[in-house]
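K.L.:
Pasted the sequence and its predicted model underneath.
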Amino acid sequence: MIKVMIVDDHPIIREGLKKIISNTHDMTVTDEASSGDELQNKLRKNNYDVIILDISIPDKNGLDILKDLQSRAHKSVVLILSMHPEEQYAVRALKAGASGYLTKGGDPEELIKAIRKVYGGGKYLSPGLAEKLASDLIFNTDQPLHEKLSDREYQILTMLASGKSTKDIAGELFLSLPTISTYRSRILQKMNFKNNAEIIHYAIKNKLV
């Protein structure tokens, strides 16, 4: 029996996932968490086969949680279930240690298929993402500008492109305003942009927001 942990800050989402998984014969939801801290506390006491993780939870970024699990050599495999399109976070999540990436707009059957796949040691990619990765590999597509950014810089880029102020971002990420300003300066420098308007234009054009 596959032991599943669900990490999502929305109770309705957690209940929906539990209902979907309860209809299977080979997996069960043994625990759930609404925050990164709660997940970390439970991981100290319990073991899970598969963690279904939302990449956007209030107290911690999902990519940071993935890196932390990797650094601890934790045995659970992680399937990201996100509201963000694959273009935004899928490749970064896989590089950070996720075994699969699904969007919340997917079918329940796809979720069950993905859980079985990652539990068996495989990687789960949607057909669309797999095709994109194959195309990039075959045609050696030039690296998009945003791939030059670190995970934190990319996160702040998407927040700026969503219209959030540096003050708002500092509050959400529990970082100082000067730190956010430094990240913004690095983003502009790496992407050869002059202002937030160019960030927003690029993000929209590349479907990052």
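P.N.:
Looks like it arrived, so ask away.

K.L.:
From now on I want contacts and neighbour counts done on CA atoms only, so please keep to that.
P.N.:
Noted.

K.L.:
hmm, who's touching stretch 67-79?
P.N.:
Outside stretch 67-79, the residues that touch it by Cα atoms under 8 Å, 6 or more residues apart in numbering are 47-53, 66, 96-102, 114-115, 118-119.

K.L.:
Please list the members of those residues that lie in strands.
P.N.:
Val50, Ile51, Ile52, Leu53, Gly100, Tyr101, Leu102 (DSSP state E).

K.L.:
And Ile138, what's its pLDDT?
P.N.:
Note for Ile138: predicted pLDDT of 64.

K.L.:
Now stretch 69-89 - C-alpha only, CSV.
P.N.:
Extracted as CSV, the C-alpha positions of stretch 69-89 are listed here (Å, rounded to 0.1, in the frame of the first residue of the first chain):
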residue,chain,number,x,y,z
LEU,A,69,14.5,17.1,1.5
GLN,A,70,17.4,16.5,-1.0
SER,A,71,20.0,17.8,1.5
ARG,A,72,18.6,15.4,4.1
ALA,A,73,18.6,12.5,1.6
HIS,A,74,14.9,11.9,2.6
LYS,A,75,13.5,8.7,1.1
SER,A,76,10.0,10.1,0.3
VAL,A,77,9.5,11.0,-3.4
VAL,A,78,7.7,14.2,-4.2
LEU,A,79,5.0,14.9,-6.7
ILE,A,80,4.4,18.6,-7.2
LEU,A,81,0.7,19.5,-7.6
SER,A,82,0.5,23.2,-8.5
MET,A,83,-1.9,25.9,-9.8
HIS,A,84,1.1,27.2,-11.8
PRO,A,85,1.4,26.1,-15.4
GLU,A,86,4.2,23.7,-16.3
GLU,A,87,6.1,26.5,-18.1
GLN,A,88,6.6,28.4,-14.9
TYR,A,89,8.0,25.8,-12.5
